[in-house]
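Participant: how would this look folded up:
(one chain, ligands or ions: 4)
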Amino acid sequence: MTRRAPDAPLFEDLLAQRLTRRQVLQAGAAIAPMALAGCAPFATSDANASKTASLGFKAIQGSKADAIVLPPGYSYDVVIRWGESLFSSVPDLDATKLDAGTLFEPTAALHQRSQFGQNCDAIHFFPLNGRSDHGVLCVNNEYTDDALMFPGHPGFRGLRGAVSRAFVEQYSQVVAVSKAAQGVSIVEVKRERGRWRFVKDSRYNRRITADTPIDIGGPARGAALMQTKDDPAGERAFGTFANCAGGETPWGTYLTAEENIQDYFANLDQLKARNDVDPFIVESHRRFRMWKAQSLYNWDMADSRFNLAVAPTEPFRFGWIVEIDPLDPTGTPVKRTALGRFAHEGASPVIARNGRVAVYMGDDDKFEYVYKFISNGRFDPKNRAANRNLLDQGTLHVARFDASGKGQWLPLVFDPKGPLNAAAGFRDQADVLIKARMAAYLLGATPMDRPEDVEANPTSGRIYIACTRNENRTVEPGTVTYGGREVDTRPNAANPRGANNFGHIIEIAEAGDDHTSLEFSWEVFLLAGDPSGDRLITDLGRIKPDSVYYAGYANAEDLSPIGSPDNIGFDRAGNLWMVTDGTQPGVSNNGCWAMPTTGPNRGRLQQFMSGPVGCEVCGCQFSPDDETLFISIQHPGEGGTTAEPRSHWPDGGTSQPRASVIAIRKDGGGVVGS
Ligand code: FEO
Ligand code: CA
Ligand code: CA
Ligand code: CA
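Facilitator: Ligands and ions are numbered 1, 2, ... in the order given. Okay, here's the model as predicted:
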C-alpha cells in the first residue's frame with residue numbers, strides 16, 4: 001500500500017484547530033443535535049439529564065491488595081471459577097494439584113472441554129422468564145496464562161517466547177488443554193438465599209472452544225480466501241479463540257469478538273518464501289501483525305492449522321464477530337462476516353428508529369479504527385427467528401474524526417472504479433471484509449489509540465469509545481511501521497495526547513440522533529490519568545501531554561485517578577461504568593469506576609472497585625434490575641507461576657489464583673452504585 005492517511009496535524013496546530021472549533025460550536029453551527037453549552041458542548045443540556053441517578057457510593061482509593069475492594073455496604077459472590085465443571089459427569093479441576101502437573105494428565109483437555117474456561121472476559125446476562133435473579137451467562141475465555149497452569153512453563157512475555165517454544169515442544173499435550181480452556185462458557189446462574197451460584201447440569205450449560213464447528217455466514221461465506229484443506233467449501237470454521245469482549249443483540253443472542261488472533265499463527269517467513277502464494281495473502285497477514293517466525297502460544301507445534309506455511313488461509317477464518325444463541329445449546333454458532341475482520345474488541349448493537357440494526361465496534365490495536373455496521377433488514381420485535389440472520393446483510397463503515405468536531409462513517413464497499421478494487425487487492429466484497437483494515441486505511445479512517453469497547457448510552461443514545469492507551473503516539477513528528485503499513489505517530493484531534501499512557505474516551509452524537517446516520521459530531525469525554533496537581537483541565541483548548549480531563553468536571557478532589565479504560569457499560573440511568581486493563585496512575589491494581597454522563601456531576605469519576613494482584617478487570621454487566629453487577633477477574637496473579645503464585649485470589653491461603661466471575665451487590669439489596 002502506498003497511499004498515506006491524511007497528514008496528521010502538528011500538536012500546536014491541534015490546539016489552534018480546537019480553539020477554532022469551539023468558536024464554531026459556540027456559534028451553534030455544528031451538526032451536534034443537542035444544544036451546546038460553553039466549552040463542554042455535550043454538557044448537561046439534553047432532556048435525559050433529569051433521569052441520571054446520582055451515584056451515591058463512597059469512592060474507594062486505588063489498592064495494591066490481593067483482594068476485591070468495594071465501597072462500604074457492598075459484597076460479592078464468586079459465581080464460577082476457572083476449572084469448575086459445568087456437568088456432574090466431569091470432575092472439577094483440582095487446583096491444589098496444578099503445581100504437581102495435573103494438567104499434563106491425558107484427561108485434562110477432555111475435562112477442560114466441560115469445565116469453565118480460563119481468563120474470563122466479556123459477560124452478558126440473558127434473563128430467564130424476565131427475571132433478574134435467574135438467567136444464562138455467556139462469558140468469554142480470552143486466552144490462557146500457561147505459566148499459571150503448567151509447572152515449568154516460562155510464560156509468554158519478552159525473551160521467554162523462545163523458551164516457551166522449547167517447553168511446548170517437550171509437552172505438546174498442553175496445546176489441547178489451552179485450546180479447550182478458550183472460547184466461550186455458557187452457564188445458567190441463579191441467586192438463592194441472597195447468593196449467586198451457577199447451576200450444574202443445566203440444559204443451557206455449554207462450552208464452545210477453539211475446535212467447536214462454527215458456520216461462516218455473510219458475504220465471505222464460501223469465498224476463496226476462506227477455503228482450507230479441512231473445509232474446501234469455506235463454509236465452516238473450526239472453533240473460536242482470543243474472545244475478548246462481546247455484545248448482545250436485541251433478539252437475545254450473544255456476540256463474541258475474536259480479537260488477538262495474530263498471536264496464534266506462526267511461520268509467515270516460510271509462507272513468504274513460497275512462490276505459489278498470492279502476495280496479497282502475505283501482505284494481509286502482515287497487516288494483522290502475524291509477522292513473527294513463531295507465535296506467542298505455539299499452537300502450531302501441535303496443530304498444523306496454525307502453521308501459515310501449511311495452512312495459508314486459516315487466519316482468514318478468525319478475527320470475526322460470532323453470534324451464539326444462548327437458549328439453543330445444540331445450535332451452531334455463526335461467524336457474521338458482514339461485520340468485517342479485524343482484532344474485534346466487542347460489538348454493541350443498537351436498533352435505529354427505522355428498525356435497522358447498527359453495530360458499533362472497535363479494532364483494538366495501536367493506530368486501528370472504529371467501525372459501524374448498518375443492517376439492510378429491520379428488527380422484528382415480534383418474531384425472534386426472523387432476526388436470526390439480520391447481521392448477514394448490510395454495510396460496514398469506518399470512522400473518520402475531523403478536527404472540526406464532525407465526523408463521517410465511510411462505507412467499506414467494493415467498487416471496480418476504486419479505491420477498493422482489484423488494483424488495491426480486492427476482487428469482491430468478501431475480500432473487502434476479510435481485509436477490512438487495509439480497506440479502512442485506503443478510505444482515510446482515523447488511526448486511534450487502541451479502540452476497545454464502543455457502546456451506546458441507553459438514555460441518550462450517545463456513543464462512547466474507550467481508547468485504552470497508545471505508547472507509540474508521540475508529540476514529536478514521526479512515523480512508525482506498524483501493522484504492515486507506515487503510520488504517522490503524531491496526535492490527531494481525536495487522539496490528542498502523545499504518548500498516550502493512560503487512554504481516553506471519545507463521545508459521539510450521531511446526526512439527528514439517528515444510528516443509521518453517516519455523519520456525527522464528537523467530543524473528547526475523558527483524558528485518563530491522575531487529576532491531582534495542575535494536570536486537570538476543563539478547557540480542551542489547553543491540552544498538554546500530561547493533561548487529564550473529566551468531561552469538564554472541575555473539582556479535582558472529587559475525582560479518582562484512572563488508567564487504561566477497556567470495557568464499558570451503562571446502568572439504566574445512563575451512568576457510565578468502566579473497567580481497566582493496564583497501568584494505573586500510582587501503580588495500583590485494575591478495577592471498576594463509574595461516572596454520570598449528564599447533569600451537574602457529568603464527568604465526576606469515582607472508583608468503585610479494585611481487583612486482586614496481577615488481574616485485569618473485565619465484563620461490567622448489570623442484571624436487568626441493576627441490583628447485581630457481574631465482573632470478570634481475568635489473569636489474577638499474572639507474572640507468577642504455579643510454583644510461585646503472585647496472587648491467592650479467590651480462595652486465599654496458599655491457593656493458586658483462578659480467573660473467576662463475581663457478582664457484586666449492595667448489602668440488603670438496591671441499585672448498585674446508588
Ligand atoms: Fe482483549 Fe482489547 O482487550
Ligand atoms: Ca482481556
Ligand atoms: Ca478488553
Ligand atoms: Ca485490553
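Participant: pLDDT on stretch 302-309, on average?
Facilitator: Across stretch 302-309, pLDDT averages out at 97.
Participant: can you show me the strands along the stretch 551-674 of the chain?
Facilitator: 565-570, 576-580, 591-595, 606-610, 616-622, 628-634, 660-666 (DSSP state E, counting those that start in this stretch).
Participant: quick one: closest of these to residue 98.
Facilitator: Among the strands of the stretch 551-674 of the chain, strand 660-666 comes nearest to residue 98, with 15.0 Å by Cβ to Cβ. For the C-beta atoms, the positions are set from N, CA and C on the backbone; glycine is no exception.
Participant: the strands of the stretch 551-674 of the chain: which one's closest to ligand 4?
Facilitator: Ranking the strands of the stretch 551-674 of the chain by proximity to ligand 4 (Cβ to the ion) places strand 565-570 first, at 4.3 Å.
Participant: just for this protein, where's the confidence low?
Facilitator: Within the chain, the stretches with pLDDT under 70 are 1-53, 158-160.
Participant: kindly recompute the last result at 80.
Facilitator: 1-54, 157-162, 291-292 (pLDDT under 80).
Participant: outside of stretch 165-172, which residues touch it?
Facilitator: Stretch 165-172 is contacted from outside by 104, 150, 152, 153, 154, 174, 175, 294, 298, 301, 302, using Cβ atoms under 8 Å, 6 or more residues apart in numbering.
Participant: apply 6 Å and report the result again.
Facilitator: The contact list for stretch 165-172 (Cβ atoms under 6 Å, 6 or more residues apart in numbering) reads 153, 294, 298, 301, 302.
Participant: rewinding a little: make JSON lines out of the strands of the stretch 551-674 of the chain and add distance to residue 91.
Facilitator: Below are the strands of the stretch 551-674 of the chain laid out as JSON lines (distance: least, Cβ to Cβ, whole Å):
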{"stretch": "strand 565-570", "distance to residue 91": "32"}
{"stretch": "strand 576-580", "distance to residue 91": "32"}
{"stretch": "strand 591-595", "distance to residue 91": "33"}
{"stretch": "strand 606-610", "distance to residue 91": "32"}
{"stretch": "strand 616-622", "distance to residue 91": "27"}
{"stretch": "strand 628-634", "distance to residue 91": "23"}
{"stretch": "strand 660-666", "distance to residue 91": "18"}
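Participant: and ligand 1, which of the contacts of stretch 165-172 reach it?
Facilitator: Applying Cβ under 6 Å from any ligand atom, the subset of those adjacent to ligand 1 is empty.
Participant: tell me which of the strands of the stretch 551-674 of the chain sits nearest to ligand 1.
Facilitator: Ligand 1 lies closest to strand 565-570 among these, at 5.7 Å (Cβ to the nearest ligand atom).
Participant: if we can go back for a sec, dump the strands of the stretch 551-674 of the chain to CSV, plus mean neighbour count and distance to ligand 1.
Facilitator: CSV is the format used below for these (neighbours: other Cβ atoms under 10 Å; distance: least, Cβ to the nearest ligand atom, whole Å):
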stretch, mean neighbour count, distance to ligand 1
strand 565-570, 25, 6
strand 576-580, 27, 11
strand 591-595, 25, 15
strand 606-610, 24, 18
strand 616-622, 26, 8
strand 628-634, 28, 9
strand 660-666, 24, 16
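Participant: quick one on the thing from earlier: in CSV, list the contacts of stretch 165-172 along with secondary structure, neighbour count and distance to residue 587.
Facilitator: Shown next, in CSV, are the contacts of stretch 165-172 (DSSP: H, G, I helix; E, B strand; the rest coil; neighbours: other Cβ atoms under 10 Å; distance: Cβ to Cβ, whole Å):
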residue, secondary structure, neighbour count, distance to residue 587
153, coil, 22, 26
294, coil, 17, 31
298, coil, 24, 31
301, helix, 19, 36
302, coil, 18, 38
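Participant: hang on, the earlier thing: among the strands of the stretch 551-674 of the chain, which comes closest to ligand 3?
Facilitator: Taking the strands of the stretch 551-674 of the chain one by one with Cβ to the ion, strand 565-570 is closest: 4.3 Å.
Participant: does residue 180 touch residue 115 like I think?
Facilitator: No: contact criterion Cβ atoms under 6 Å: residue 180 and residue 115 do not qualify, at 8.3 Å.
Participant: all helices for the stretch 51-200 of the chain, in order.
Facilitator: 108-112, 160-170, 174-181 (DSSP state H, counting those that start in this stretch).
Participant: contacting residues for whichever residue of the chain sits closest to ligand 4?
Facilitator: Nearest residue of the chain to ligand 4 (Cβ to the ion) works out as residue 581 at 3.6 Å. When contacts are counted by Cβ under 6 Å, 6+ apart, residue 581 touches 564, 566, 616.
Participant: show me what from the stretch 1-150 of the chain comes close to ligand 1.
Facilitator: Checking the stretch 1-150 of the chain against ligand 1 by Cβ under 6 Å from any ligand atom, the hits are residue 142.
Participant: now with 8 Å, please.
Facilitator: Contact residues (Cβ under 8 Å from any ligand atom) of the stretch 1-150 of the chain with ligand 1: 121, 142.
Participant: over to the chain?
Facilitator: Near ligand 1, when you scan the chain using Cβ under 8 Å from any ligand atom, you find 121, 142, 242, 244-245, 259-260, 343, 345, 362, 364, 450, 452, 468, 566, 581, 618.
Participant: show me where the stretch 351-500 of the chain has helices.
Facilitator: 429-434, 436-443.
Participant: residues contacting residue 222?
Facilitator: 234, 235.
Participant: whichever residue of the stretch 201-350 of the chain sits closest to ligand 3 in helix, strand or coil?
Facilitator: Ranked by Cβ to the ion, the top residue of the stretch 201-350 of the chain for proximity to ligand 3 is residue 244, at 4.6 Å. Recorded secondary structure, residue 244: strand (DSSP: H, G, I helix; E, B strand; the rest coil).
Participant: give me the number of residues near it?
Facilitator: If you count neighbours by other Cβ atoms under 10 Å, residue 244 ends up with 27.
Participant: just checking, it touches residue 139?
Facilitator: No: with contact defined as Cβ under 6 Å, residue 244 does not reach residue 139; the gap is 11.9 Å.
Participant: residue numbers of the protein in contact with ligand 2?
Facilitator: Residues of the chain lying close to ligand 2 by Cβ under 5 Å from the ion are 121, 142.
Participant: tell me what residue 135 is bridged to.
Facilitator: residue 127, residue 189 (DSSP bridges).
Participant: do residue 578 as well
Facilitator: Legend: beta-bridge partners of residue 578 under DSSP bridges are residue 568, residue 593.
Participant: from residue 453, how far off is it?
Facilitator: Separation of residue 578 from residue 453 (Cβ to Cβ, to the nearest Å): 8 Å.
Participant: which neighbours do the two have in common?
Facilitator: residue 568.
Participant: and which of the contacts of residue 581 is nearest ligand 2?
Facilitator: residue 616 (5.3 Å).
Participant: close enough to count as contact, that closest one and residue 592?
Facilitator: No: using Cβ under 6 Å as the test, residue 616 is too far from residue 592 to be in contact (11.4 Å).
Participant: give me the residue from the stretch 101-250 of the chain nearest ligand 1.
Facilitator: residue 244 (3.4 Å).
Participant: so what's that residue closest to, chain neighbours aside?
Facilitator: residue 259 (3.8 Å; Cβ to Cβ, 6 or more residues apart in numbering).
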